[in-house]
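> What would the 3D arrangement of this be:
(chains A and B)
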Amino acid sequence: MAKYLLGRVLRALLTLFVIVTLVFLLLRQMPVEGYFQNYEKMTEAQIASGLKQLGLDRPVGVQLIDFYSSLARGDLGVSHVYRAGVPVTEILSPKIPVSLLLGSLSLLLSLMFGLPLGMAMARKKGGVADRIGTAYIVLAEAVPAAVYYLLIQLYGTKLLGVPMLGYGNAASMILPVISLAIPNTAYYAMWLRRYMLDQSNADYVLLARAKGLSTGEVAARHLLKNAFVPLAQYIPTSFLNTVVGSIYIESLYGIPGMGGLLVDVIKRQDNTMVQAVVLLFSAVGVFGLILGDTSMALLDPRIALYKSTGRR
Amino acid sequence: MNLFKKIIAALAAAALAAVLAGCGGGEAENQVLRTLYSSELTTLNYLTAANQADQAVGANCIDTLVEYDSHGNIQPSLAMSWKTSADGLTWTFELRKGVGWYNSKGVFIDDVTANDFVAAAKYALTPKYASQSNNPLYVIKNAEKYYKGETSDFSEVGVKAINKYTLEYTLSAPVPYFLSSLTYVCYMPAYGPLLDELGERFGTSNDTLYYCGAYILSEYLPQQKQVYVKNTQNWDSASIFIERVEKTYNSEAASIAPEMVLRGELDYADISADILPDWQQNHADYLSPGREKCDYSYFFCFNFDPQFEDEYEPENWSLAVNNLNFRLSIASALDREYISAAYGSGLVRLQTTVTPAGFAVNDGEDYTNQTAFRALADGFGDTVTLRDAARAELTAAGATFPIKMMVVYRPDDTSWVGECTLLEQQLENALGKDFIDVCLVSGPTENFLSKVRRSGNYAFMRCNWGADYADPETYTDPFTEGNTYNFSYKQLGKNNATDQLVSSYLAAVEAAKSVTSDTARRYELFAKAECMLIENAVVIPYMVTPVEYRATRINVFDTAFAPCGISILRYKDLRMQESFIDAAAFERNRASWEAGA
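Next up, the predicted model:
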């Protein structure tokens, strides 16, 4: 197990190296204009000074070596455009917990509602719960999220008497969390319903029924337990991905998280910020997968990470 | 005063207040301004700030040597008085005593002295700090040399603290607009010891700045909020009426702010063109137009050095653009009113000069009323005659028809897209498709300027220029040698009509610049030079920045009025009104302002 994990981690680091290096090199191909806000009126001397301050006057190879040596020291550099002169870590550190909190609360909410809903729908296909659940899923999937996000903000704030904007108290998080949970709840419900219906004629379910277990007992003891195995692979990744934040929800409610940060810093050509954010998001993706695979194996002894003949 | 008289006086005051409030123009009791903002500041460092949003911090938190009043007159601010040497090169300012630096908590730090202006200028000119907005300092002797590293001794730069409260600037050449330059961010003071201590970290948060202006940025939480509070210790605190400005971040501000205004949660919102008809119909009592600005000019440029793809026939275009009748035919055919409909009905002020009306005034006479400009009222001549003459001359010169005219626009600017579509229809209808083929090309959304205008990748394009100082000279910059607008100077030495025209224009500009003490003569000469460009259709004047509608409780005519710079970004002098300003109130306010002019 340890050997397997070590191998996965090393491959993950190699993947990160390739991604970050590629992004680093691509950023150096960006046009000069994007680095300056007053390019229209800048003199050649001003442009040269600006490029020097950005470190872009040196050969790309030297810039790359500098970047990795700083990274090895834990220094991600200083933002030049997004918040000029402020260290990248100082910008990211307050943002990450905000997105994590928002994302994990909505993940929790969607699991709390999505899984019971999926079970209720699967329990009697075509029944009242199934019909209501299907209507909800169709609406959540078919209507563009931006539409119901806006409607929730517009009417939810009036209904609950909570502010349209402002971050910092529990009340201000209610609507963003609910909004974010809506599509995820539909996803979990749909997924669990399908899984349980698929498995309802499996041999182990038929055997359990033959042994005299009720439908509820079969669902709770066997179906749900098995359903959790693939979920275990998905949930760590989903949790870590909350770091990325929600572009629209965070924008709509003025939540100072990570949502939209990558797009923003790319548009502003803030190279140090782009490199740091790409590194963070890539790391989240890569290590989320490792964590998911490991959790799945721990939950289900039938899944071996290692086989006698080699890696799985 | 006996008790009876006191009661009468109190009743009279109360009655007056009630009458004023009843007029709907009364001041609000709660002088707090609540707004949204959609783009976070890049920096609070006003000495290097390059865009208006960033410069607004300096405009509100730092006072300048002089400032504009609500009618565009320069007034003393941190400088109590000033004098100029006979040759116009040395400017000496006596600073106001007792003005202090305060930190973000409002705690007094030290006095504002002449050294703080010197330290700030040195900082703005230090290449390491990479200021993108220090150009106005280049009129100071050796300032540009210091910035370029041609001298490393700052004592050679013409800014000196003669004593604690006497500041002296020495210019490399006399410029009559120097006072107006002093309202720019790069001329603002900064507490010297703080600059030495922080260096590049200066202005990275509200705690790494000291304040001497009308407001203190008491809270700054990026992507959350900015809170400005009145600096009660400011030397002119009697002119600061809004006690607190609360700005909340929301990247969707454009769509959310109007709704929040209707809910009473905000005091200001821009009303975009897409919701304007609804607001005009249903919320007219909240709606007023913005004040016309005269600091930005829009005009059409012909490119004299085409660098575009062969597909658009650059050699054919070169022949055409150097033909006077061809350019005049375009200028004559162009229906500017028709194409400006893309910006919304009634929101555009067309102009017949590149320098906007109202921008430069001498002895009450607007620069655009100069005699030289009067001939422009007659237009460019008969379109068909000009077209036929151009066709005959260009055919003889070997050009092929239709002339392909590559017009580039930014696809994310919907008004510009609409304008170009109208332009294509209108010009092709007026001149005939056999004469001209307007080729609309969607440019890149990012780095548009460098990829299109600066690289000469267009034939005909709407361009713009914002004034750097209050003098018509600023509007010659896009057309002088080395410009990245129309590249007309590249025809110099080619021994053609454009060569002669550009040479004459450059000589006329130099002649105008050499007149530094007689403003009337200076304006007259600049007008002649500008007229030369327009009459020969090297440039086609278009409009000033289109007016935008907003919902606001502020009377915009209260604040500083300036033809350029950052003075218009100030909250000082503004007062919150009890109710929102509607169109009628706006007109009343305008009339009242004009009456006070």
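> Which residues are in contact with the closest residue to chain A within the stretch 301-450 of chain B?
Nearest to chain A in the stretch 301-450 of chain B, going by Cβ to the nearest Cβ, is B:Ser450, at a distance of 3.7 Å. Placement of C-beta: from N, CA and C, glycine included. Counting by Cβ atoms under 8 Å, 6 or more residues apart in numbering or on different chains, B:Ser450 makes contact with A:31-33, A:39.
> how many neighbours does A:Ile137 have?
For A:Ile137, the neighbour count with other Cβ atoms under 10 Å in any protein chain shown is 21.
> Might one say that it is in contact with A:Trp191?
No: here A:Ile137 does not reach A:Trp191: they are 10.1 Å apart, not a contact under Cβ atoms under 8 Å.
> and the helix or strand harbouring A:Leu10 with chain B, contact?
Assessed by DSSP states H and E, A:Leu10 sits inside helix A:2-27. No: using Cβ under 8 Å from any Cβ of the partner chain, helix A:2-27 never reaches chain B; the gap is at least 13.0 Å.
> Show me what that helix is packed against.
helix A:60-72, helix A:271-299 (3 or more Cβ pairs under 8 Å, 6 or more residues apart in numbering or on different chains; DSSP states H and E).
> and chain B, which of those is closest to it?
Across the helices and strands packed on helix A:2-27, closest to chain B is helix A:271-299 (Cβ to the nearest Cβ), at 11.6 Å.
> residues of the closest one that come out buried?
Neighbour-count burial for helix A:271-299 flags A:271-297, A:299 (criterion: 16 or more other Cβ atoms under 10 Å in any protein chain shown).
> next one: phi and psi at residue 103?
Just going to use chain A. Main-chain torsions, A:Gly103, degrees, to the nearest 10: phi -70, psi -40.
> wrong chain, I was asking about chain B
Torsion angles, degrees, to the nearest 10, at B:Asn103: phi -90, psi -180.
> quick one: the host helix or strand of B:Ala520 to chain centroid distance?
Using DSSP H and E, B:Ala520 sits within helix B:519-535. Relative to the centre of its chain, helix B:519-535 is centred 21 Å away, using Cα atoms, centre = their mean, to the nearest Å.
> What ranges does the stretch 351-500 of chain B have for its helices?
For the stretch 351-500 of chain B, helices defined by DSSP state H, counting those that start in this stretch occupy the ranges B:371-374, B:383-397, B:414-431, B:448, B:497-513.
> Can you add mean neighbour count, distance to chain A and mean pLDDT and give those back as CSV?
Output for the helices of the stretch 351-500 of chain B, formatted as CSV (neighbours: other Cβ atoms under 10 Å in any protein chain shown; distance: least, Cβ to the nearest Cβ, whole Å; pLDDT from 0 to 100):
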stretch, mean neighbour count, distance to chain A, mean pLDDT
helix B:371-374, 16, 26, 91
helix B:383-397, 16, 32, 96
helix B:414-431, 18, 16, 95
helix B:448, 18, 8, 87
helix B:497-513, 18, 18, 95
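> Nearest to B:Ala551, out of those?
Taking Cβ to Cβ, helix B:414-431 is the member of the helices of the stretch 351-500 of chain B nearest to B:Ala551, at 20.8 Å.
> quick one: contacts of that closest one?
Residues from elsewhere that reach helix B:414-431, judged by Cβ under 8 Å, 6+ apart: B:273, B:329-330, B:333-335, B:338-344, B:383, B:387, B:405, B:407, B:409-411, B:436-438, B:440, B:462, B:546.
> Centre of the chain to it, how far?
Its chain's C-alpha centre and that of helix B:414-431 lie 27 Å apart, by Cα atoms, centre = their mean.
> what's the angle between it and helix B:383-397?
Relative orientation of helix B:414-431 versus helix B:383-397 (axes from the mean of the first three to the mean of the last three Cα atoms, to 10 degrees): 80 degrees.
> What sits closest to residue 96 if chain neighbours are left out?
Since you didn't name a chain, this refers to chain A. Nearest residue to A:Ile96 in three dimensions, chain neighbours excluded: A:Val243, at 5.8 Å (Cβ to Cβ, 6 or more residues apart in numbering or on different chains).
> actually it's chain B I care about, not the one you picked
B:Met80 (5.1 Å).
> Next up, phi/psi of the most centrally placed residue in chain B, please.
Nearest residue to the geometric centre of chain B (Cα atoms, centre = their mean): B:Asp295, 3.9 Å. Dihedral pair for B:Asp295: phi -100, psi 0, per degrees, to the nearest 10.
> swap in the one 3 residues further on?
B:Tyr298 adopts backbone torsions of phi -110, psi 140, taken as degrees, to the nearest 10.
> What's the local residue count around it?
Residues lying near B:Tyr298 (other Cβ under 10 Å) number 23.
> I'd say it and B:Tyr542 touch.
Yes: at 4.4 Å, B:Tyr298 counts as touching B:Tyr542 under the criterion of Cβ under 8 Å.
> intersection of neighbour lists for these two?
B:Arg462.
> Do I have it right that the residue nearest to the centre of chain B meets B:Pro356?
Yes: between B:Asp295 and B:Pro356 there is a contact under Cβ under 8 Å: 7.5 Å.
> got the CA positions of stretch B:428-446 in CSV?
C-alpha atoms of stretch B:428-446 as CSV (Å, rounded to 0.1, in the frame of the first residue of the first chain):
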residue,chain,number,x,y,z
GLU,B,428,-21.5,51.7,-49.0
ASN,B,429,-24.9,53.2,-49.7
ALA,B,430,-23.6,56.7,-49.9
LEU,B,431,-20.5,56.0,-52.1
GLY,B,432,-21.6,52.9,-53.9
LYS,B,433,-20.3,49.3,-53.5
ASP,B,434,-18.4,49.7,-56.7
PHE,B,435,-16.3,52.5,-55.1
ILE,B,436,-15.7,51.2,-51.6
ASP,B,437,-16.0,47.8,-49.9
VAL,B,438,-16.1,48.3,-46.1
CYS,B,439,-14.6,45.1,-44.7
LEU,B,440,-15.6,44.7,-41.0
VAL,B,441,-13.2,42.6,-39.1
SER,B,442,-13.6,41.4,-35.5
GLY,B,443,-10.5,42.1,-33.6
PRO,B,444,-9.2,40.3,-30.5
THR,B,445,-10.9,41.0,-27.2
GLU,B,446,-7.5,40.9,-25.4
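> Buried residues, that stretch. List them.
Buried residues in stretch B:428-446, counted by 16+ other Cβ under 10 Å: B:428, B:430-431, B:435-439, B:441, B:443, B:446.
> Around chain B, pick out the residues from the stretch 151-300 of chain A.
Contact residues, the stretch 151-300 of chain A versus chain B (Cβ under 8 Å from any Cβ): A:153-154, A:163-168, A:251-254, A:256, A:260, A:267-268.
> quick one: which of those residues is nearest to B:Ile554?
Taking Cβ to Cβ as the measure, B:Ile554 lies nearest A:Leu165 of those, at 20.7 Å.
> I figured the closest one hits B:Glu246, correct?
No: applying Cβ under 8 Å, one finds A:Leu165 not in contact with B:Glu246, separated by 11.2 Å.
> what about the two, which has more around it?
Between A:Leu165 and B:Glu246, counting by other Cβ under 10 Å, A:Leu165 is the more crowded of the two (24 against 17).
> which one is that one nearest to, not counting chain neighbours?
Leaving aside its chain neighbours, A:Leu165 sits nearest to A:Gly254 (4.4 Å; criterion: Cβ to Cβ, 6+ apart).
> Roughly how far does the one you found sit from B:Thr552?
21 Å (Cβ to Cβ, to the nearest Å).
> Please give me every residue in contact with B:Tyr249.
By Cβ under 8 Å, 6+ apart, the neighbours of B:Tyr249 are A:254, A:256, B:36-38, B:40, B:222-226.
> Tell me which residues touch B:Ser38, please.
Applying Cβ under 8 Å, 6+ apart, the residues near B:Ser38 are B:249-254.
> If we use 6 Å, what do you get?
For B:Ser38, the contacting residues are B:251, B:253, by Cβ atoms under 6 Å, 6 or more residues apart in numbering or on different chains.
> ok, A:Leu51 touching A:Arg58?
No: checked against Cβ atoms under 6 Å, the pair A:Leu51 and A:Arg58 is beyond contact range at 9.6 Å.
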